[in-house]
Structure formats: structure tokens, C-alpha cells
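> With the input below, show me the fold.
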Amino acid sequence: MGSIRLSPWHEAWVCAVLAALLLSGVAWLVLHYLLASADDLSPHPAEAWSLRLHGALAMATLLLVGGLLTQHSLPAWRRGLNRASGAWLAGTMLLLTVTGYLLYYAGAPAVRDNASWLHWVAGLGVPLLLGLHMWKAGRWRR
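Residues are numbered from 1 along each chain as shown. I've put the predicted structure just below:
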């Protein structure tokens with residue numbers, strides 16, 4: 001059986017794209033909620049750009065996660081390796097995909113509001129889940 005460990009290059013790309021995705025999302029939250037205008041009618045000028053960057057990085061993340069499923073997740077699952085943390089991470093990525101879709105396409109304000117807070121909580125939790133997954137795999141215990 002081959003190794004399921006990511007190559008250093010692949011791991012670096014996954015971590016870099018996820019970090020940039022997290023930072024663009026946090027930037028939007030800060031711009032939208034902390035640096036918004038007092039009248040709440042005019043958004044911060046950088047808000048739209050942070051959202052555009054976040055969307056582009058989300059597409060890159062979908063490509064990376066798709067590659068991980070075939071080369072890493074499914075082979076590890078078959079071997080019974082790190083299933084719990086991997087399942088939590090995969091489930092959270094699926095939740096982020098669905099809520100991101102709803103934020104972009106849902107018209108009903110109640111749906112968007114619920115999708116929004118779920119998206120924030122899940123997105124902010126990804127670094128913790130990824131760190132736990134890597135730690136359980138022995139990546140940081142050496």
C-alpha cells in the first residue's frame with residue numbers, strides 16, 4: 001500500500017489556500033461589522049474585494065479538497081486511519097460549501113441569516129479541526 005501522507009508541496013498548498021481563505025473571510029467580517037459606516041448605508045470600500053477574493057479562494061479550495069478526497073481521504077478511510085477527525089473536517093467542509101452556496105443564491109433573508117452564522121462558526125473552526133487532524137496523524141508530534 002502506498003503512503004496516504006500528503007507531499008510537502010501538496011500540504012503547503014492546502015495550508016496556504018485554507019489560510020488565505022480564512023483571512024479573507026475574517027477580513028470581510030471585520031470590514032462589514034467593525035469598520036462599517038455609521039449610517040450602515042455605505043459599506044467599507046474594501047468589503048466587496050474581500051468577498052470576491054474569498055469566493056475565488058473558495059473555488060480553489062473545492063479543487064484542493066476534491067483532490068484530497070481521492071488521494072488522501074478515501075484511502076485513509078479504507079485503512080481505518082484518523083476517521084473521526086477526518087470525518088469532522090470533511091463534514092465541516094461540506095457545511096461550508098452548502099452555506100456558501102446559500103449565501104450566494106438564497107433569496108430568503110431567514111435562510112441567508114442562518115447560513116451566515118453557520119458559515120462563520122464552521123469557517124472559524126476549520127483551523128482547529130485541521131490542527132487536530134494533523135496532530136492525530138502524528139504530523140506535529142515529531
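> Pick out the residue nearest the middle of the chain.
For the chain, the residue nearest the mean C-alpha position is Gly123 (5.2 Å; Cα atoms, centre = their mean).
> Extract the residue ranges of this structure that are flagged as low pLDDT.
Within the chain, the segments meeting pLDDT under 70 span 1-2, 40, 139-142.
> Quick one: residues contacting the most far-flung residue of the chain relative to its centre.
Distance from the C-alpha centroid of the chain peaks at Asp39, with 31.5 Å (Cα atoms, centre = their mean). For Asp39, the contact set (Cβ atoms under 8 Å, 6 or more residues apart in numbering) is empty. For glycine as for every other residue, the C-beta is placed from the backbone atoms N, C-alpha and C.
> For it, what is the enclosing helix or strand?
Asp39 belongs to no helix or strand when elements are defined using DSSP states H and E.
> quick one: it and Leu63, what's the gap?
40 Å (Cβ to Cβ, to the nearest Å).
> for the top helix by length along the chain, packing partners?
Ordering each helix of the chain by length in residues (DSSP state H) puts helix 109-136 first. Contact here means 3 or more Cβ pairs under 8 Å, 6 or more residues apart in numbering; DSSP states H and E; on that basis helix 109-136 packs against helix 8-29, helix 83-105.
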